[in-house]
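Visitor: Provided below are the primary sequence and the corresponding predicted coordinates.
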There are 4 protein chains.
Amino acid sequence: MHLLEKKIVQGLLPKRQAYSHKGDYGRVLLIGGNEQMGGAIILAASATVASGAGLVTVATHSCNHAALHARLPEAMVLDIKDQAQLMAALQATDVVVVGPGLGRTGADLLLLSTICSSLTAEQSLIIDGDAITLLAENPLPQSKAFTVYTPHEKEWERLSGLPIDKQTVKNNQASQEQLNSVIVLKKHLTEIYFPQDVWQNQSGTAAMATGGMGDTLAGMLGGFLAQMHNKKSAILAAVFLHSHISDLIAETSYVTLPSEIIKRIPKAMKEFESTLEVVL
Amino acid sequence: MHLLEKKIVQGLLPKRQAYSHKGDYGRVLLIGGNEQMGGAIILAASATVASGAGLVTVATHSCNHAALHARLPEAMVLDIKDQAQLMAALQATDVVVVGPGLGRTGADLLLLSTICSSLTAEQSLIIDGDAITLLAENPLPQSKAFTVYTPHEKEWERLSGLPIDKQTVKNNQASQEQLNSVIVLKKHLTEIYFPQDVWQNQSGTAAMATGGMGDTLAGMLGGFLAQMHNKKSAILAAVFLHSHISDLIAETSYVTLPSEIIKRIPKAMKEFESTLEVVL
Amino acid sequence: MHLLEKKIVQGLLPKRQAYSHKGDYGRVLLIGGNEQMGGAIILAASATVASGAGLVTVATHSCNHAALHARLPEAMVLDIKDQAQLMAALQATDVVVVGPGLGRTGADLLLLSTICSSLTAEQSLIIDGDAITLLAENPLPQSKAFTVYTPHEKEWERLSGLPIDKQTVKNNQASQEQLNSVIVLKKHLTEIYFPQDVWQNQSGTAAMATGGMGDTLAGMLGGFLAQMHNKKSAILAAVFLHSHISDLIAETSYVTLPSEIIKRIPKAMKEFESTLEVVL
Amino acid sequence: MHLLEKKIVQGLLPKRQAYSHKGDYGRVLLIGGNEQMGGAIILAASATVASGAGLVTVATHSCNHAALHARLPEAMVLDIKDQAQLMAALQATDVVVVGPGLGRTGADLLLLSTICSSLTAEQSLIIDGDAITLLAENPLPQSKAFTVYTPHEKEWERLSGLPIDKQTVKNNQASQEQLNSVIVLKKHLTEIYFPQDVWQNQSGTAAMATGGMGDTLAGMLGGFLAQMHNKKSAILAAVFLHSHISDLIAETSYVTLPSEIIKRIPKAMKEFESTLEVVL
């Protein structure tokens, strides 16, 4: 198991090229936020925007649109119930983040099925929160997209069938292989399972143990994947920085709220920007 | 009467354990906010989140959902009129805060009655604002939950029957005993009545005398009770820090607005974090 | 004409007494904000809250409630069209601020008429913006409340009948006498007409010449009048500090936005707090 | 091609005259923001307000009003579908900014047609985003207003007919002449085409390549044109400062979000304020 620590991440974030435009930094579509959990998708989208994705669209229940715009005018919105707009957005996007505050109704499952079946191998898909549980309970055909799951231990139990005390690196690797996806297993010292190797995050503390933290990570993963060519680097950098920012805040704060972490993403990324991009 | 001062609080806030997750820091359900007083429940919930509660849900009039999400995406919402969702939330929560901006209609009284009768001895209940007046005017069967009342002097008069000039420590203790609850009697030098002893808060000034301040304290009490095993420590720490933060702000501000106090909760808590937890 | 300058204001803001509560700092009811100009009443109410009024209620079009709560959870709201609630609020309040973003429809005029006729001599009334123009065009019986008008030069022309080039101190004093109210005539070097004397504000620059600035002053006047016994001191302090804060910001900013001024009110007031209250 | 650099801009922003009021700094009407892209017009309007325009009104879909007021109480709103109010606002304004988040429906085209035909030679018109594409696809009679187009390269291709690799200075100048408007061609080293000369912006980096950046520039152009007599100076100053602020932020941030740029406009303008106004 490789250790994901500061010196590893130092070379992962490429310096942006002068002759580039927002199209070069990817389109991200975030899908989630029902009538009770709109905050989750707002946090996720805020993290995606702060990470520097080129264009960010949020498909969420229309009751969440005003709050989202009030916090994040940089994002576009669409009504999660508008099938036609959603299909068009799915085709036009580079990355999809699905799950934060989604809910687990039949309609949510249908939506998830549509997403999985319509994406292509050129696109990336981050499956978080309720979307993991829905997929665990209702196996759907695997999406062709490059897929990342972001379960916490309980969700991983549902998805992999491994009880928490059986979630050893070896067992997790076997499940990862079967799912043919990258697994970001969120816990103290988060583990990231790639087809070839496993990484253990060295940043983060219990100051992060608060609602909305996972949504924030899902959004960062979307933003990093949208703009970086190297998907492995994008995932590792997002996981590390998410916790690293919390560690910086936790020096003077008892808890580190998601919205505080999001504010600090652009500065944290700058410190890890490198003109010599490293490929792991 | 014990003096609640800085050196006492210094040992009350436990350092979080590395191997923990948001579930370990409790679920808080805040109930309040009608069409006129949505701000009260927004302030209370913001204080709960900033205090580090694991998961925060707000049951409020649906007209307040957008504003709440715009300020506090870390919280979940539910419609205060949705009986089924509210019952489910009451069962799932560790702590209930009821009262900020609630109103005093018949429907509010029925809701309060439902809350009081459905909670168990494993849960905590903070009764604030309009909920105190409703209970004073319409005595309901005592809840099985660990209960904290947060009246100001006028509300305490209604609840205890003691006119303000009769609110001596002795009389208040007698009323506390009868109510079988903890009483946080808000005033200059707030008094806290436990079954065994009485404390007098030494922090706070008239810069706090502004609307929303009590809602903020109720929210902090919810957040502290959700995550600390020792309920007495949680209550004393919340009361002291609420005023202590105001004192820090008041050094350079004529008034200390609730939203300014809320912002500073995580930093203030950090200063009182202790690896050697003291039991009073 | 007296000069309103820093050394004069230094003694006007009394230090708050330890044994006091929010009731001692007054209730303010702000009335305004139609479907197009909700921002005006939001700014006014924010200034009132930041000035330290004890309890602040905003009567505005219901379409403005969510935005107001999102910015200012410290305030309560009511629907400006709800006659019964408005009447109750008018009776319960110490100060009324009417006008910011009000509009000039027949309904607005009726509302203004109700306000003027229902207030008593114990209450204060600040008449700003559209309410001034409505009163200029539709003279209503004088309110019994202590009344302050806050016209800019064009509005003063409408109210007093004096064209701008005839707005000399002498003519203005004559009009003030006739109106039996305090006049805050807003312009470069704002003039304040009391029954006995006239003051000329020495703070303020053209960096303040931006939309919403007058609404902010009206809100400050409401907040200061609500908590200070000496009405003259309250008015002079509010007018001076409003511009003084702008001057501080303008040292490093080309324009000084109302929302930036509002943020700095509590700190600015602290600098002028005095234990030796001066009576002018 | 002239280089637009710091020393050129230093003399462009006039110091405000003491005896002035908000009317002297112009009225700006921003038109855009449909149900999906309300954030775009919120960013544009925020930039206009922060630039110091005297009075700012936003015509946008009513679903965006609450979010706009929650972020920007300094602006007024009107329903983009209310023809009568829109016509009145078009007549009363000094500057129109049309396009951010507008959409491209038939109704949007009709609206654009109304705008173009109703403005007079005394007014200014900034045509951005969707409005450019609409005009490229549906040529309308030229407006009598002083007109600025703000296309990126792809939009310029649509409007001028020049494929990106044919967008040479000479070809662009020819198109500019035909359009009889100022062209702000947004790209790395943005070019500004006036009837007499061409300027190349020297500020800006790829940290700006993110959604909402163009909306922000359109809003700044509106704010600068509203308050400066010299239109050329206004345009050059707005383009340079927009990128210059980004450069300052980019020293410590990987990306520079539009909302962060907007916050810093008043301070950046102050640094370029000059008592000796230069005419280029």
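Guide: Sure, I can see it. Quick caveat, the model's predicted, so the values are computed rather than measured. Numbers count the residues shown, from 1 in each chain, chains lettered A, B, ... in the order given.
Visitor: Strands along the stretch 51-200 of chain A, start to end?
Guide: Secondary structure of the stretch 51-200 of chain A (DSSP state E, counting those that start in this stretch): strands located at A:55-60, A:76-79, A:95-98, A:124-127, A:146-149, A:182-185, A:191-193, A:198-201.
Visitor: right, and those - which one's nearest residue C:223?
Guide: Taking CB to CB as the measure, those were each checked against residue C:223, and strand A:76-79 came out nearest at 36.5 Å. Just so you know, the C-beta spots here come from the backbone N, C-alpha and C atoms, and that holds for glycine as well.
Visitor: Check which strands are paired with the closest one and give the direction for each one.
Guide: Looking at strand A:76-79 with DSSP bridges, its partner strands are strand A:55-60 (parallel).
Visitor: Alpha carbons of the partner strand, in CSV - could you do that?
Guide: Included here for strand A:55-60 are C-alpha records, laid out as CSV according to Å, rounded to 0.1, in the frame of the first residue of the first chain:
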residue,chain,number,x,y,z
LEU,A,55,-18.2,24.8,-16.8
VAL,A,56,-20.4,23.4,-14.0
THR,A,57,-24.0,22.4,-14.3
VAL,A,58,-26.2,21.2,-11.5
ALA,A,59,-29.2,19.0,-12.0
THR,A,60,-31.3,19.2,-8.9
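Visitor: Check the offset of that strand from the chain's centre.
Guide: Averaged C-alpha coordinates place strand A:55-60 at 14 Å from its chain's average position (CA atoms, centre = their mean, to the nearest Å).
Visitor: what about the helix ranked longest in chain A, near chain D?
Guide: When secondary structure is assigned using DSSP state H, the longest helix within chain A turns out to be helix A:231-250. No - with CB under 8 Å from any CB of the partner chain as the measure, helix A:231-250 is seen stopping short of chain D, the closest distance being 10.2 Å.
Visitor: Going by neighbour count, which residues in whatever helix or strand comes next after that helix are buried?
Guide: In the C-terminal direction, the helix or strand that comes right after helix A:231-250 (DSSP states H and E) is helix A:258-263. Taking 16 or more other CB atoms under 10 Å in any protein chain shown as the basis for neighbour counts, the residues of helix A:258-263 that come out buried are A:258-262.
Visitor: One more: stretch A:90-106?
Guide: Buried residues in stretch A:90-106, counted by 16+ other CB under 10 Å: A:90, A:93-104.
Visitor: got the end-to-end distance for that stretch?
Guide: The first and last residues of stretch A:90-106 sit 20 Å apart, counting by CA to CA, to the nearest Å.
Visitor: Report the two of the buried residues of stretch A:90-106 separated the most.
Guide: Maximum pairwise distance in the buried residues of stretch A:90-106, criterion CB to CB, is 26.7 Å, between A:94 and A:104.
Visitor: residues contacting whichever residue of the stretch 151-280 of chain A sits closest to chain C?
Guide: Sorted by distance to chain C under CB to the nearest CB, the residues of the stretch 151-280 of chain A start with residue A:259, at 14.1 Å. Taking CB atoms under 8 Å, 6 or more residues apart in numbering or on different chains as the criterion, residue A:259 is in contact with A:43, A:46, A:212, B:73-74.
Visitor: Check the gap between it and chain D for me.
Guide: Relative to chain D, residue A:259 is positioned 14 Å away (CB to the nearest CB, to the nearest Å).
Visitor: now residue A:7
Guide: Summarising the geometry, the distance separating residue A:7 from chain D, computed by CB to the nearest CB, is 19 Å.
Visitor: Would you reformat the buried residues of stretch A:90-106 as a markdown table and include distance to residue A:254?
Guide: As requested, the buried residues of stretch A:90-106 are exported to a markdown table (distance: CB to CB, whole Å):
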| residue | distance to residue A:254 |
| --- | --- |
| A:90 | 41 |
| A:93 | 38 |
| A:94 | 38 |
| A:95 | 34 |
| A:96 | 35 |
| A:97 | 29 |
| A:98 | 32 |
| A:99 | 28 |
| A:100 | 25 |
| A:101 | 25 |
| A:102 | 30 |
| A:103 | 31 |
| A:104 | 32 |
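Visitor: Chain B: which of those residues is nearest?
Guide: Each of the buried residues of stretch A:90-106 was checked against chain B using CB to the nearest CB; the closest is residue A:101, at 7.9 Å.
Visitor: so the closest one touches residue A:35, yeah?
Guide: No - at 9.6 Å, residue A:101 does not count as touching residue A:35 under the criterion of CB atoms under 8 Å.
Visitor: All set now, cheers.
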